[in-house]
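Colleague: My questions concern the predicted model and sequence given below.
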Amino acid sequence: MSDSLLYHQGNRRLQDEFESRRIADRLAQVTLRTAFSDDDKAFIETAPFFFLATADDQGRPDCSFKGGMPGFVRVTGSSALVFPDYDGNGMFKSLGNIAVNPHVGLLFIAMGEKPRRLRVNGDAAISRDEPAMQDFAGAQMLVRVTARAIFPNCPRYIPSGEEPSQYCPQPGYEPPEPAWKGFDVFKDSVHPRQKTPK
């Protein structure tokens with residue numbers, strides 16, 4: 001699968017500067033997909049919220065929180081999902097952006113004892129007056145997303161409850177290395193952590 005789904009020249013310049021291109025390529029090779037797995041579907045369809053990134057016709061970004069009862073986001077095809085637009089503040093920041101620029105990023109996060117992140121980048125369209133509207137109580141419109149890149153992210157900085165993650169850097173504290181860096185599939189590509197002078 002092409003890493004161009006994930007990386008552009010800006011990414012590559014920084015990867016080269018910090019010697020992380022090998023791990024970036026390995027992560028794309030191992031984790032990037034264009035179809036939802038059964039595990040992705042289960043995670044998305046039990047999520048009570050996600051974050052939605054959009055941009056206007058000039059590329060100016062916006063990020064919003066979307067929440068609902070678990071199941072309010074549904075995977076409807078191998079690379080497709082849908083979620084409802086509920087009554088909000090009337091600004092239509094996200095949907096207004098989608099109307100002029102279909103490119104979106106969705107970030108699903110699970111906090112707690114087993115933190116997890118899943119990113120979905122793709123193209124969105126606003127849908128109205130269709131039979132599926134009745135399946136989403138309180139929906140004013142539906143947003144349909146066709147995924148072009150689906151990939152998990154390392155969850156190490158996600159807090160569990162009230163406490164920050166054990167991986168957060170702090171003065172006088174050396175955080176542990178995340179377990180994934182030792183996995184056979186990654187360990188030969190990981191560059192040693194860049195240390196900040198103390």
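Modeller: All right, it came through fine.
Colleague: Show me what the longest helix along the chain is packed up against.
Modeller: Of all the elements of type helix in the chain, the one with the most residues (DSSP state H) is helix 21-31. Using 3 or more CB pairs under 8 Å, 6 or more residues apart in numbering; DSSP states H and E, the elements in contact with helix 21-31 are helix 9-17, strand 139-153, helix 184-187. For the C-beta atoms, the positions are set from N, CA and C on the backbone; glycine is no exception.
Colleague: Any buried residues in it, and which?
Modeller: By neighbour count on 16 or more other CB atoms under 10 Å, the buried set for helix 21-31 is Arg21, Ile23, Ala24, Arg26, Leu27, Ala28.
Colleague: so what pLDDT did Ser2 get?
Modeller: In this model, Ser2 is scored at 57, pLDDT.
Colleague: Tell me where the model's unsure across this structure.
Modeller: Applying pLDDT under 70 to the chain flags residues 1-3, 191-198.
Colleague: The residue nearest to the spatial centre of it: which element?
Modeller: Compute the mean C-alpha point of the chain, and by CA atoms, centre = their mean the closest residue is Arg119, 2.2 Å away. Assigned by DSSP states H and E, Arg119 belongs to strand 116-127.
Colleague: how far off helix 21-31 does that strand point, in degrees?
Modeller: Calculated by axes from the mean of the first three to the mean of the last three CA atoms, to 10 degrees, strand 116-127 forms an angle of 70 degrees with helix 21-31.
Colleague: Turn the helices and strands packed on helix 21-31 into JSON lines, columns for mean neighbour count and distance to Pro176.
Modeller: Shown next, in JSON lines, are the helices and strands packed on helix 21-31 (neighbours: other CB atoms under 10 Å; distance: least, CB to CB, whole Å):
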{"stretch": "helix 9-17", "mean neighbour count": "11", "distance to Pro176": "24"}
{"stretch": "strand 139-153", "mean neighbour count": "19", "distance to Pro176": "18"}
{"stretch": "helix 184-187", "mean neighbour count": "12", "distance to Pro176": "15"}
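Colleague: Looking at the ones you listed, spot the one closest to Phe50.
Modeller: Ranking those by proximity to Phe50 (CB to CB) places strand 139-153 first, at 10.8 Å.
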